[in-house]
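# this is the structure alone, sequence omitted:
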C-alpha cells in the first residue's frame, strides 16, 4: 500500500496572513511556518482558537522566514503542547526572536492600556502571548544550514534555499518517500537594494507557491525621485514626512536609499528619525550576518550614522514636538501597531503632514484604510480626522510580482502533480491560477483555511 500524506491548510490559504501548513506522514509530522493572522477581524479572531489538529504530535516546525505572519503563532503552539524543534536559518531565527519579543511587549502594553482606559469589550483584555511565553519559545529554536539536506526521519529530508524577501528568508524543499514538496515561502524581488536575487527550484512534485501579487506587475516607479519630491515638499511646508515601515528589510532599505540620496547631494541634510525598537535590533542582524546581504561594512556604518535612532518613548514625544521639517520612519508597516501610531495620532490631522505607505497593505489594516481614502482613522478607541496627504510606493514591495513569480517557477524541469496557490487574496489567487493553467497546463488548486488534502505518493 502506497503511503498517504495529509496536508492541512491551517492558515495562509485564501488570505495573505497566518501561514501554517501541516504535513502529516506515518514517520514525521511537519509544520511549515507558524504565523499569526493579521488584518480583518474575522481572521484575527482565529488566532485565539486552538488549532484543529493534534499539536503534541507535531515533530518539527520549519520556518521560511521571520515575519510575524509566519512565526507569530509559535508561543500559542507551545501553549497547546508542541515539544519538538523549530528550524530556520540563523538570520531567520534571529529575526523571529526579535519579532516575538517585540510583539509580546506590544501585546502586554496594549492589554494594559485597554484595561486602564476601558476601550475593550473583554474583561479583562489579555495579551495574545506574554514576554515570558516568547522567551520560552526561543529555547525551541535550532539553526539549519542553508543549501544542505537534513534528515528528519528515515525517508524524509529537508533543504532550505535562499529566497530574498528579507534577510535569512528561504524556500523549503521536503523530500518524502522520493517525492519533493516545495514551499515557496515569500519570494523576493530581483535587483533588490540590499539582497541577492532569489534562488529557484529545479524540481517540484507538489508545489505550494505564494500569490501575494499574482495578479499584478509592480509599477515602474522611480522611488528615489518620489522621495526627493516628497522631502522637498516637506521642507517647503515645514511639515513632517511620516513613513510607516516594516521593521525588517523595508526600514533598512529606506535608510540606505535616503543616505545614498544625501551622499549624492540629491536631498539636503533633513533630520531623519528612525523610531522602531525592533528595526534597530534588525540592524544588528545585518551586522551579524554580512553574507546574507549586499551592504558593505563601511556603507552599513555610514548609513546608521546618517540618521537619528530613537531609543526611548520619551524621545518619540521629543521628536513629535520638534518643529523642524523632518522624516520619521516608524513601525509598523501596515499601521496596525507600534510607534507610528503615536505620530499619526498627533499629526495625521495636519495638512502639512505627508504619510508615505511603502508596501503591501492587507485588508482590515489602517494602512489599507488610508490607501482607500478614509476621512478619519481610529487610534486607541478614538477617531482622528485624516487631513494629511497620503502617498504609496508599491515598487518597494519585498514580494515578487506576477512576472517575477513566473520567472521563479521557470527552472522547474518536471510537471508538478499538483500546484497549490497560497498567501494571496481572492483576486490574486484566481488570476495567478488562470495564468499557470494557461501557460503551463498545470493542475492548480486554491485551498481555503482548514482544507485537508490527502495525497497518495
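Received the coordinates, thanks. Worth saying up front: this structure is predicted, and the values here are computed from it rather than measured.
# what residue spans form the domains of this protein?
Listed domain ranges for the chain are 4-216+399-456, 223-392 (source: automatic domain parsing).
# average pLDDT for the first one?
Per-residue confidence for domain 4-216+399-456 averages out to 96 on the pLDDT scale.
# ditto for the last one
Confidence for domain 223-392, expressed as mean pLDDT, is 95.
# how distant is that domain from the center of its chain?
Averaged C-alpha coordinates place domain 223-392 at 17 Å from its chain's average position (C-alpha atoms, centre = their mean, to the nearest Å).
# same check, this time on stretch 400-419
Centroid displacement of stretch 400-419 relative to its chain, using C-alpha atoms, centre = their mean, is 22 Å.
# hey, where'd the helices end up in the stretch 251-400 of the chain?
Per DSSP state H, counting those that start in this stretch, the stretch 251-400 of the chain carries helices over the ranges 277-288, 297-306, 313-321, 340-347, 366-371.
# can you redo the ones you listed as JSON lines with mean neighbour count and distance to residue 419?
Quick note: C-beta positions are derived from backbone N, CA and C, even for glycine. Listed next are those as JSON lines, based on neighbours: other C-beta atoms under 10 Å; distance: least, C-beta to C-beta, whole Å:
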{"stretch": "helix 277-288", "mean neighbour count": "19", "distance to residue 419": "33"}
{"stretch": "helix 297-306", "mean neighbour count": "14", "distance to residue 419": "39"}
{"stretch": "helix 313-321", "mean neighbour count": "14", "distance to residue 419": "46"}
{"stretch": "helix 340-347", "mean neighbour count": "20", "distance to residue 419": "37"}
{"stretch": "helix 366-371", "mean neighbour count": "21", "distance to residue 419": "28"}
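# between these, which one is nearest to residue 27?
Nearest of the helices of the stretch 251-400 of the chain to residue 27, taken as C-beta to C-beta: helix 277-288 at 34.1 Å.
# which other helices and strands contact the closest one?
When contacts are defined as 3 or more C-beta pairs under 8 Å, 6 or more residues apart in numbering; DSSP states H and E, helix 277-288 packs onto helix 90-117, helix 250-263, helix 297-306.
# which residues touch that helix?
Under the contact criterion C-beta atoms under 8 Å, 6 or more residues apart in numbering, helix 277-288 has outside partners 91, 94-95, 98-99, 102, 167-168, 245, 247-249, 251-252, 274, 293, 295, 300, 304, 309, 311, 329, 331, 338-339.
# which residues are contacting stretch 142-157?
Applying C-beta under 8 Å, 6+ apart, the contact partners of stretch 142-157 are 25, 27-28, 30, 59-60, 85-90, 93, 158-162, 170, 174-178.
# quick one: residue 284 from residue 252, how far?
11 Å (C-beta to C-beta, to the nearest Å).
# surely residue 306 touches residue 261?
No: with contacts counted by C-beta atoms under 8 Å, residue 306 stays clear of residue 261, the gap being 10.3 Å.
# returning to that earlier point: narrow the contacts of helix 277-288 to those that are buried.
Buried subset of the contacts of helix 277-288 (neighbour count, 16 or more other C-beta atoms under 10 Å): 91, 94-95, 98-99, 102, 167-168, 245, 247-249, 251-252, 274, 293, 295, 300, 304, 309, 329, 331, 338-339.
# what helix or strand is the nearest residue in space to residue 56 that is not next to it in sequence located in?
Excluding its sequence neighbours, the residue lying closest to residue 56 (C-beta to C-beta, 6 or more residues apart in numbering) is residue 81, at 3.9 Å. Residue 81 belongs to no helix or strand when assigned by DSSP states H and E.
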